[in-house]
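Novice: Sharing a model prediction with you, sequence too.
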Amino acid sequence: MRGFKLLTALCVFSSAMLAANDAFVGAWKINPDKSKFAPGTVTKDETVIFEKVGDQWKRTATGTDPDGKPIKDNSTVAWDGKDHPIEEGMTVAVNVLNDNAIKFMIKREGKFVVGGRLVVSKDGKTMTAYAKGSDPQGRQVDNVEVFEKQ
């Protein structure tokens, strides 16, 4: 479960960081048929909701992880390029590239785990997460996850 939380954090926290403008506020649902997952990392169902809280973004993720267990994750994170705690021993740093793209890096106890970027389509209907690294079980992560705005 902890490994899946890492992958969820990758997408969800990164997505929250992406919210450089209000086009990213709202609910996003993963489309597994349009997504590409490394073996053992397939998200069966996930919805992410973003809302602005001061100069930070609150994100709430719910769904079902690759092992069939429920996803329930809430966090509020700034998108200032600095490491911010997201779970015990884990941090995320997010840099906004432009209104439609960010890059992110997740670390566990100061060591790189997963990095990548998120891109929102020009029409604001699709958000794509590109992630590479490894999960706590040592499985390679090379995922392209497609989310559709609800």
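Specialist: Now that the structure is in, tell me what you want to look at.
Novice: Can you tell me how far residue 80 is from residue 149?
Specialist: 25 Å (CB to CB, to the nearest Å). From N, CA and C alone the C-beta is placed, and that goes for glycine too.
Novice: which residues of the chain fall in helices?
Specialist: Assigned by DSSP state H, the helices in the chain fall at 2-18.
Novice: quick one: low-confidence ranges for it?
Specialist: 1-21, 23, 136 (pLDDT under 70).
Novice: still on that earlier bit, look at residue 80 and residue 149 and report which has more neighbours.
Specialist: residue 149 (17 against 13; other CB atoms under 10 Å).
Novice: ok, that one - contacts?
Specialist: Shown in contact with residue 149 (CB atoms under 8 Å, 6 or more residues apart in numbering): 26, 27, 28, 124, 125, 126, 127.
Novice: can the residues you listed go into TSV with extra columns for neighbour count?
Specialist: Formatted as TSV, the contacts of residue 149 follow (neighbours: other CB atoms under 10 Å):
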residue	neighbour count
26	14
27	13
28	26
124	13
125	11
126	16
127	25
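Novice: Which one of those residues is nearest to residue 74?
Specialist: Within the contacts of residue 149, proximity to residue 74 (CB to CB) peaks at residue 27, which comes in at 14.2 Å.
Novice: measure the nearest residue to that closest one once chain neighbours are set aside to residue 92 for me?
Specialist: Nearest residue to residue 27, sequence neighbours excluded (CB to CB, 6 or more residues apart in numbering): residue 150, at 4.1 Å. As judged by CB to CB, residue 150 and residue 92 stand 24 Å apart.
Novice: Many thanks, have a good one.
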